[in-house]
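# got a sequence here, can you model it:
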Amino acid sequence: MSGITLPYSITVALLLAAAVAHAQDPHFAGVQELNIWYNPALKTNKDAVANIRLRNVNYPGIISYSSKAATIELPLLSKEDKGDDATAFVNLAAGGSTDKSNDNFMSTSTAMLALSYALPLNNNNTYMALGFQGNYSYSRVGTGSYYEIPNQFDKYGALAAVMAADPYQSGFNHGYFTAGVGVALFHTEEEKQWYIGGSIRHFNRPYREWSHTTRLPANDGIQGGYTAAISSADNISGYGNFTWQAGTSEQIAGIRYSRYLDDSTRNAFFIGVSYRAGDAIIPDAALHFGKSQLACYYELNTAHLPSGRYPRRTWELSYSLIL
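Presented below is the predicted three-dimensional model:
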């Protein structure tokens with residue numbers, strides 16, 4: 001990691017005050033594909049799904065790092081119950097994520113396990129769900145040399161999160177367990193789908209660094225989405241993911257258009273755009289073919305946004321498979 005030239009020096013104390021609200025959560029643009037990480041109750045269909053994704057972040061001349069995640073969602077029900085609109089179901093989900101810089105300055109990983117129960121409220125695919133989640137994370141930052149990091153640098157990314165855990169860049173590994181709970185209400189008929197959920201993550205508030213002086217604040221979240229058919233072949237959707245943690249918030253909202261490529265729903269393409277408040281505009285595109293879906297995202301961190309003082313090149317790829 002190379003040094004950063006600033007018109008003034010940013011102290012460790014200022015860095016900690018700015019970044020302490022961050023948790024070691026997944027740092028990806030496609031939040032609507034990662035709902036189960038943010039709210040364990042948000043399994044809104046009965047499909048078994050596997051997802052892998054890669055995000056690459058490059059601050060030219062400063063630092064670059066990659067984030068990877070894999071998730072599997074397994075509804076526990078029979079084939080007969082899968083087609084029944086009034087059948088309760090249990091979902092088991094597991095996942096892992098990592099963040100690692102190219103120069104070994106930063107390394108983190110998280111393992112996630114979630115369990116939810118969805119109860120039908122009527123015979124028309126409207127459900128209420130409750131979910132619980134456990135995560136074990138470890139993080140390490142530092143290689144023996146100290147670097148001053150600007151205030152709000154990589155504010156919504158992995159680097160800010162790991163620096164909150166160890167602002168002194170000790171180079172020590174530290175592990176901790178977090179717990180979360182979520183509730184959701186969702187509806188999934190063919191012409192219209194919607195969901196709304198609320199979650200509290202890290203409510204056990206573990207110590208996040210080796211000296212056991214700082215606890216991780218709880219993270220409150222609201223998630224929502226709506227999809228409607230505008231013709232027999234076209235759909236439009238909107239979604240949002242909003243979190244608050246110790247006075248710091250992150251908001252992502254987006255829209256997506258999809259079109260079926262044939263008479264079935266097995267082949268379709270998607271285009272969309274989302275906005276991470278104060279950070280980036282994120283166009284995306286996806287192709288769904290058979291049981292597979294490939295999606296890509298590119299973040300435009302424009303100069304008039306606060307984070308635009310530090311040029312950033314960020315792209316993300318995702319592959320999902322219905323099992």
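# tell me the SS of D47?
What DSSP: H, G, I helix; E, B strand; the rest coil gives for D47 is coil.
# neighbours of it, how many?
14 (other CB atoms under 10 Å). For glycine as for every other residue, the C-beta is placed from the backbone atoms N, C-alpha and C.
# for L119, same thing?
Around L119 there are 11 residues (other CB under 10 Å).
# so what's the model's average confidence on the helix or strand hosting it?
L119 is part of strand 106-120, with elements assigned from DSSP states H and E. Averaging pLDDT along strand 106-120 yields 94.
# in which helix or strand would I find the closest residue to A29 other than its chain neighbours?
Closest residue in space to A29, ignoring its immediate chain neighbours: Y297 at 4.2 Å, by CB to CB, 6 or more residues apart in numbering. Element membership for Y297 (DSSP H and E) is strand 292-299.
# any idea where the strands of the chain begin and end?
For the chain, the strands defined by DSSP state E cover 49-59, 63-76, 89-101, 106-120, 126-141, 174-188, 192-201, 219-229, 234-245, 248-260, 267-276, 280-289, 292-299, 313-322.
# doesn't A160 make contact with D154?
Yes: counting by CB atoms under 8 Å, A160 is a contact partner of D154 at 4.9 Å.
# higher neighbour count, the two?
D154 (25 against 20).
# returning to what we had before: now the residue nearest to A29, which residues is it bridged with?
D284, E316 (DSSP bridges).
# pLDDT value on it, please?
Y297 carries a pLDDT score of 97 in this model.
# give me the nearest residue to G197, chain neighbours excluded.
G197 sits nearest to A184 (CB to CB, 6+ apart), 3.6 Å away.
# what residues are up against the one you found?
Neighbouring residues of A184 by CB atoms under 8 Å, 6 or more residues apart in numbering: 39, 41-42, 44, 127-129, 131, 195-198, 223.
# nearest to S170, of these?
S170 has its nearest neighbour among the contacts of A184 in N39, at 33.0 Å by CB to CB.
# next up, the contacts around that closest one.
Counted by CB under 8 Å, 6+ apart, N39 has contacts 131, 182, 184, 197-199, 221, 223.
# now, which of those residues sits nearest A233?
Distances from A233 to the contacts of N39, taken by CB to CB, are shortest for Q223, at 27.7 Å.
# for stretch 239-258, the distance to its chain's centre please.
10 Å (CA atoms, centre = their mean, to the nearest Å).
# quick one: M112 and G96 touch, right?
Yes: contact status for M112 versus G96: in contact at 7.0 Å, counting by CB under 8 Å.
# setting aside sequence neighbours, what's the nearest residue to L76?
Leaving out its chain neighbours, the residue that sits closest to L76 by CB to CB, 6+ apart is V90, at 4.5 Å.
# tell me what that neighbour is bridged to.
L76, Y117.
# what about it, how many neighbours?
For V90, the neighbour count with other CB under 10 Å is 15.
# the one 10 residues further on now?
By the other CB under 10 Å criterion, the neighbourhood of K100 contains 17 residues.
# show me what contacts the closest residue to it other than its chain neighbours?
In space, K100 comes closest to S107 once its chain neighbours are excluded; the distance is 5.0 Å by CB to CB, 6+ apart. Residues in contact with S107 (CB under 8 Å, 6+ apart) are 98-101, 139-141.
# quick one, the strand holding Y297 and strand 49-59 angle?
If you take axes from the mean of the first three to the mean of the last three CA atoms, to 10 degrees, strand 292-299 sits at 20 degrees to strand 49-59.
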